[in-house]
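Q: Could you work out the structure for the sequence below:
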Amino acid sequence: MTTLHYDVIVIGSGPGGASLAQRLAPTGKRILLMERGDYLPRSPANWDSQTVFVDGAYQAKETWYGSDGRAFHPGLHYYVGGNSKVYGAALLRLRERDFEEIQHQDGISPAWPLKYDAFEPYYAEAERLFHVHGQRGEDPTEPPASGPFPYPPVSHEPRIQDLNDSLAQNGLHPFHLPLGILLDEKDGKVTPTSTCIRCDAFDGFPCLLNGKADAQVMCVDPALAAYPNLTLLTGAYVSRLDTDPTGRTVTGVQVTRGGLEERYSADIVVVACGALSSALLLLRSASASHPNGLANGSDQVGRNYMRHNQSVLMALLREPNDTVFQKTLALSDYYFGTDDWDYPLGLIQMCATSHGAQIRGEALPAWLEWMPKMPFEQMARHSLDFWLSGEDLPRPENRISYDGDRVVLAVTETNMEAHRRLKKKLEKILGAAGAHPVLLERSLYFGKDIPIGGTAHQAGTARFGTDPAISVLDLDCRAHELDNLYVADASFFPSIGAVNPTLTIIANALRVADRIKQRLGTG
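A: Below you'll find the model as predicted:
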């Protein structure tokens, strides 16, 4: 078997791996970016809600198991760009307080070993890299920033502007949701040359026009075009990482591609498969030097798995909602608590408009009997749609592991009382807007067979820290036990806050890339 050697191998082309690879590409070093999947095909089906949500056409065809033995299909997407091909592109910074210890009803959200100021310059670079549109000063919980958003906020359509004004009149602080999007507007209208056209297929849909700022569009393709020293290898499933006899250096990357076994090596190897898949790679790379899995002397690999407590909720209005691009508004007033609750609740934001096919695919609750003859398309036209996100706490028992060849994901939910209270806050808010007082929970966003939150917003399976006994990575996200192995996805998170983790993944990947550049002598 021939071994091809590179200066750096990056495994995974999602937001972490792609951002790191494009950051390293100008060094001139030989860089190999590996992706398990291929490019996501561009076709009209990208914008078909039946195809995307009901049929789950782009979801990985894998079966995992819960700790109770129940089989489910994880909400993973193996394409160039990773899960960002179907993400909602809400790119918010973690709040400054999220980096500190926070008390929740169900326990402690631990402090980070590095604080917000270590990430702020990289947050600013991440916002520029991913074309984030927003407005400083509106969000009452936003952390300090060194400058304005690189692009202006995405404008509200009339119905959402009315909701914004109503919330403000009731003493709340709605703000323009920061979005990674290739959109040009003038006077609230899309310009003739804008890549994004403000269509109704945004959340969860692959963008047919490449108008969503995903990892492929913003990092992989531009870097490949500009730097011949960067190579992309698709269809490459990394089965394991090999080490030298001491166990201190990764010497080989074993790949299955097109039914054949291949081997690659590099001076530096970066794992960025996503928190769940990265942990699985480390676990199946067990050896005599690392009997419990690579970099797992602390027995922490795969543990402390977090995913947000998430709900997608549809409120039905008595009047039609003709909004096309709905995902422009968010509310953080309850993020750290309320007058009647001492613990954090989380974030409320708009999400994409409902489609009739999505509603038809749901298990509809009995309360819809008040409108039994309304067609699904009409229900979609009368809906306001929201994404609620609350913090999940790290627990060692919440983990991904192997049971023989089976992948087992053990999850015990935390902070669900806070999530229920956040729903009640939303119900109260919408009462004045004429919405039905009960909200319809939307499961298709997460996959029909996956419990609340599914595998979206995965984090925490290889946390970073200063003590090798209780962490997997050091402060540069290099494995404590190996000299040349780094991790550049959300695995390193000690806690997850209540905002989409993607911008933090990107910012940290840029930070880790700078450490690797220094090590390569190009920083």
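Q: Okay, now the unreliable bits of this structure?
A: For the chain, applying pLDDT under 70 flags the ranges 1-3, 360-375, 434, 436-439, 442-455.
Q: Do a quick rundown of the helices in it.
A: 15-24, 49, 116-129, 158-169, 215, 221-226, 275-283, 356-360, 376-381, 416-431, 502-520 (DSSP state H).
Q: Residue 249: which of these is closest?
A: Closest approach to residue 249 among the helices of the chain is made by helix 502-520 (13.6 Å; C-beta to C-beta). (Glycine included, C-beta is placed from N, CA and C.)
Q: Return the most buried member of the helices of the chain.
A: Most buried of these by mean neighbour count (mean count of other C-beta atoms under 10 Å) is helix 215; its value is a mean of 33.
Q: As CSV, the helices of the chain with distance to residue 39 would be great.
A: Shown next, in CSV, are the helices of the chain (distance: least, C-beta to C-beta, whole Å):
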stretch, distance to residue 39
helix 15-24, 13
helix 49, 22
helix 116-129, 20
helix 158-169, 33
helix 215, 12
helix 221-226, 9
helix 275-283, 19
helix 356-360, 25
helix 376-381, 30
helix 416-431, 36
helix 502-520, 20
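Q: who wins for proximity to residue 344 among these?
A: helix 416-431 (6.5 Å).
Q: distance between the closest one and the chain's centre?
A: Mean-position distance between helix 416-431 and its chain equals 23 Å (C-alpha atoms, centre = their mean, to the nearest Å).
Q: what's that helix in contact with?
A: Under the criterion C-beta atoms under 8 Å, 6 or more residues apart in numbering, residues 104-106, 167, 170, 172, 309, 311, 313, 315, 331, 334, 338, 341, 343-346, 348, 384, 386, 388, 390-391, 437-439 lie in contact with helix 416-431.
Q: Out of those residues, which end up buried?
A: Among the contacts of helix 416-431, those scoring as buried are 104, 106, 167, 172, 309, 311, 313, 315, 331, 334, 343-346, 348, 384, 386, 388, 390-391, 439 (criterion: 16 or more other C-beta atoms under 10 Å).
Q: burial count for the closest residue to residue 349 other than its chain neighbours?
A: Once flanking residues are discounted, residue 349 sits nearest to residue 330: 3.9 Å by C-beta to C-beta, 6 or more residues apart in numbering. Residues near residue 330, counting by other C-beta atoms under 10 Å, number 24.
Q: OK, contacts around residue 330?
A: Taking C-beta under 8 Å, 6+ apart, we find residue 330 in contact with 90, 92, 139, 174, 175, 176, 177, 347, 348, 349, 350.
Q: Try it again at 6 Å.
A: By C-beta atoms under 6 Å, 6 or more residues apart in numbering, residue 330 lies in contact with 175, 177, 349.
Q: Tell me the bridge partners for it.
A: Per DSSP bridges, the residues bridged to residue 330 are residue 175, residue 349.
Q: and the gap between it and residue 297?
A: Distance of residue 330 to residue 297, given as C-beta to C-beta, to the nearest Å: 41 Å.
Q: for residue 355, same thing?
A: 49 Å.
Q: between the two, which one's more packed in?
A: residue 355 (24 against 19).
Q: close enough to count as contact, the more buried one and residue 48?
A: No - using C-beta atoms under 6 Å, residue 355 is not in contact with residue 48; the gap is 8.9 Å.
Q: tell me the contacts of the nearest residue to residue 398 once chain neighbours are set aside?
A: Spatial nearest neighbour of residue 398, chain neighbours left out: residue 305 (4.6 Å); criterion: C-beta to C-beta, 6+ apart. When contacts are counted by C-beta under 6 Å, 6+ apart, residue 305 is found next to 398, 399, 400, 460, 461.
Q: and the third one, what are its bridge partners?
A: Here residue 400 sits in beta bridges with residue 409, going by DSSP bridges.
Q: need the contact list for it.
A: Taking C-beta under 6 Å, 6+ apart, we find residue 400 in contact with 276, 279, 302, 305, 409.
Q: hmm, try it at 8 Å
A: The contact partners of residue 400, taken as C-beta under 8 Å, 6+ apart, are 276, 279, 280, 302, 305, 407, 408, 409, 410, 461.
Q: quick one on the thing from earlier: tabulate the contacts of residue 305 (a markdown table), appending distance to residue 69.
A: Output for the contacts of residue 305, formatted as a markdown table (distance: C-beta to C-beta, whole Å):
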| residue | distance to residue 69 |
| --- | --- |
| 398 | 17 |
| 399 | 16 |
| 400 | 15 |
| 460 | 24 |
| 461 | 21 |
